[in-house]
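Q: sequence first, predicted coordinates after that:
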Amino acid sequence: MGGGTPMPKKGGTKSSRAGHKPKKGGTKSSSAGHKPEDHHKMGVVHHRGSGKRFRREVTSRPRLCTYLSTLSARYSWRNQTIGHADECSALMQFKQSFTTSKSASLDPFAYPKVASWMQERTRRNCCSWDGVECNEETGYVICLNLNSSCLYGSLNSSSSLFQLVHLQKLDLSDNHFNFSKIPSRLGHNLTGLTLLNLSQSSFSGQIPSEILYLSKLSTLDLSATSFLDMTFDYDHFSSSKILELTNANLRSIVQNLTNIQQLHLNKVHILSTLPDIFANATSLKALYLQSCGLSGEFPVGIFQLPNLEVLDLMYNEDLTGYFPEFNKSSPFKKLNVARTNFSGHVPASIGDLSSLRVLEPRIM
């Protein structure tokens with residue numbers, strides 16, 4: 001023991017390979033002058049057995065994925081659309097003009113999108129905010145989608161919303177605007193709108209005629225809040241909580257909004273006949289008029305509109321009419337005249353409507 005060469009410990013250090021012959025094939029990994037760990041970086045795998053090769057390939061992939069993810073994140077950050085400071089400020093003012101309450105929205109999955117809006121240094125670019133979309137080239141806000149966002153408060157003509165003059169789509173549906181009136185300024189400042197959805201948001205009063213200035217609209221949804229019973233009595237319901245549309249403005253919708261494809265006016269207080277001019281609305285694809293208090297005879301020409309897929313007249317008990325013969329080319333998918341005063345027979349030609357999925361007749 002004394003002065004002799006000390007015996008190495010069992011399984012001595014991995015780095016002390018002097019004096020040992022490498023196993024067959026063991027020199028291949030170093031023949032090119034690379035360290036063993038370099039092979040992970042280069043994606044080159046030299047193996048002694050199939051099991052080891054499999055383990056090395058699996059462990060090398062996350063490094064590559066991490067690199068690509070980082071590269072992608074850096075690239076998207078550099079190319080992210082930057083919003084205009086004045087529009088971002090207008091959005092913040094809009095947010096601050098409301099409170100948020102879960103009870104303000106009917107959708108059980110509603111959440112306050114504006115809660116994530118901030119103007120801190122790292123998050124002041126409004127083009128990245130929830131519900132906001134900007135034009136990639138100009139940076140202007142072109143879409144504001146705050147449906148089911150738990151907003152509560154009044155919307156008035158002084159709102160900073162009307163500074164977003166480049167808006168093309170505006171969806172404020174399923175919020176509670178405290179039975180305020182739809183601001184007439186909407187028709188003056190947001191003339192580029194192609195979609196306007198204010199449905200189920202507790203607006204009241206007359207729908208302003210300025211809405212007719214939105215000549216680019218293809219979708220207009222002003223349906224009243226659905227917690228009102230479908231058969232509610234207009235005469236006994238508080239007029240301060242009813243959204244109304246005059247017959248003259250209803251007629252002008254067809255005359256002025258020549259691009260309209262989707263028109264939703266469920267539970268809007270109309271209380272008149274439906275103008276015959278609706279039979280000229282050739283661009284219409286969907287017409288929703290549930291529980292509007294319509295009366296008189298329904299214009300039969302509407303059934304012949306070439307693009308109409310959905311017609312819903314339910315709960316207009318003073319509305320009379322009948323089904324005409326249908327063309328095979330008619331694109332109808334849904335016909336609902338339940339709880340109306342339609343009469344006559346259902347024509348056999350309705351069986352030729354290959355796209356029809358929902359039929360709710362009310363034939364006396």
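A: Great, that's in hand. Numbers count the residues shown, from 1 in each chain.

Q: so how far is stretch 349-359 from its chain's centroid?
A: 30 Å (C-alpha atoms, centre = their mean, to the nearest Å).

Q: ok, now stretch 113-120?
A: Worked out by C-alpha atoms, centre = their mean, stretch 113-120 lies 19 Å from the chain centre.

Q: list the buried residues in it.
A: 113, 114, 117 (16 or more other C-beta atoms under 10 Å). Placement of C-beta: from N, CA and C, glycine included.

Q: just stretch 253-272 next, same as before
A: Residues 253-254, 256-257, 260-272 are the ones in stretch 253-272 that count as buried (16+ other C-beta under 10 Å).

Q: re the thing from before, of the buried residues of stretch 113-120, closest to residue 101?
A: Residue 101 has its nearest neighbour among those in residue 114, at 12.4 Å by C-beta to C-beta.

Q: Three-state assignment for the spatially closest residue to that closest one that is not a sequence neighbour, please.
A: Distances taken as C-beta to C-beta, 6 or more residues apart in numbering place residue 95 nearest to residue 114, at 4.3 Å, with adjacent residues excluded. Here residue 95 is recorded as helix under DSSP: H, G, I helix; E, B strand; the rest coil.

Q: around residue 95, count how many other residues there are.
A: The number of residues packed near residue 95 is 20, by other C-beta atoms under 10 Å.

Q: so which residues of the stretch 201-350 of the chain form strands?
A: 205-206, 219-221, 243-244, 262-264, 286-288, 295-297, 310-312, 318-321, 334-336, 341-342 (DSSP state E, counting those that start in this stretch).

Q: partner strands of the second one and their direction?
A: Strand 219-221 has the following strand partners under DSSP bridges: strand 195-197 (parallel), strand 262-264 (parallel).

Q: can you lay out the ones you listed as CSV showing mean pLDDT and distance to residue 324?
A: What follows is the strands paired with strand 219-221, written out as CSV (pLDDT from 0 to 100; distance: least, C-beta to C-beta, whole Å):
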stretch, mean pLDDT, distance to residue 324
strand 195-197, 98, 32
strand 262-264, 98, 21
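
Q: okay, the ones you listed in CSV with distance to residue 340 next?
A: Below are the strands paired with strand 219-221 laid out as CSV (distance: least, C-beta to C-beta, whole Å):
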stretch, distance to residue 340
strand 195-197, 26
strand 262-264, 18
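
Q: skipping adjacent residues, who's closest to residue 119 in space?
A: For residue 119, the spatially nearest residue (C-beta to C-beta, 6+ apart) is residue 92, at 5.9 Å.

Q: that's a strand at the one you found, yeah?
A: No: using three-state DSSP, the secondary structure at residue 92 is helix, not a strand.

Q: pretty sure it is touching residue 117, no?
A: Yes: Residue 92 is in contact with residue 117 according to C-beta atoms under 8 Å; the separation is 6.5 Å.

Q: who touches both of these two?
A: residue 126 (C-beta atoms under 8 Å, 6 or more residues apart in numbering).

Q: what residues are up against the residue positioned nearest the centre of the chain?
A: By C-alpha atoms, centre = their mean, the mean C-alpha position of the chain lies nearest to residue 145, the distance being 6.3 Å. For residue 145, the contact set (C-beta under 8 Å, 6+ apart) comprises 131, 133, 169, 171.

Q: so which of those residues is surrounded by the most neighbours?
A: Neighbours here mean other C-beta under 10 Å. Within the contacts of residue 145, the largest count is held by residue 171, at 22 neighbours.

Q: phi, psi for that one please.
A: phi -130, psi 110 (degrees, to the nearest 10).

Q: bridged to it, which residues?
A: Going by DSSP bridges, residue 171 forms beta bridges with residue 145, residue 197.

Q: residue 215 contacts residue 253, doesn't it?
A: No: counting by C-beta under 8 Å, residue 215 does not reach residue 253; the two are 11.0 Å apart.

Q: tell me the spacing between the residue nearest to the centre of the chain and residue 92.
A: Distance, residue 145 to residue 92, using C-beta to C-beta, to the nearest Å: 17 Å.

Q: ditto for residue 146
A: Between residue 146 and residue 92 the distance is 14 Å, computed by C-beta to C-beta.

Q: show me where the stretch 251-364 of the chain dips below the pLDDT cut-off.
A: Counting by pLDDT under 70, the stretch 251-364 of the chain contains low-confidence residues at 362-364.

Q: circling back to that earlier point, tell me which of the strands paired with strand 219-221 sits nearest to residue 107.
A: strand 195-197 (13.4 Å).

Q: and the helices in this structure?
A: 38-42, 50-78, 85-96, 185-189, 247-256 (DSSP state H).

Q: could I get stretch 202-215 in PDB with only the CA atoms?
A: Written as PDB, here are the backbone C-alpha positions of stretch 202-215 (Å, rounded to 0.1, in the frame of the first residue of the first chain):
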ATOM      1  CA  SER A 202     -80.200  47.800 -24.500                       C
ATOM      2  CA  PHE A 203     -80.500  50.900 -26.800                       C
ATOM      3  CA  SER A 204     -83.800  52.700 -26.900                       C
ATOM      4  CA  GLY A 205     -85.700  55.500 -28.700                       C
ATOM      5  CA  GLN A 206     -85.900  56.100 -32.400                       C
ATOM      6  CA  ILE A 207     -83.200  54.600 -34.700                       C
ATOM      7  CA  PRO A 208     -81.700  57.800 -36.200                       C
ATOM      8  CA  SER A 209     -82.200  58.500 -39.800                       C
ATOM      9  CA  GLU A 210     -78.500  59.200 -40.100                       C
ATOM     10  CA  ILE A 211     -78.000  55.400 -40.100                       C
ATOM     11  CA  LEU A 212     -79.000  55.600 -43.700                       C
ATOM     12  CA  TYR A 213     -75.800  57.500 -44.500                       C
ATOM     13  CA  LEU A 214     -73.900  54.200 -44.000                       C
ATOM     14  CA  SER A 215     -74.300  53.300 -47.700                       C
END
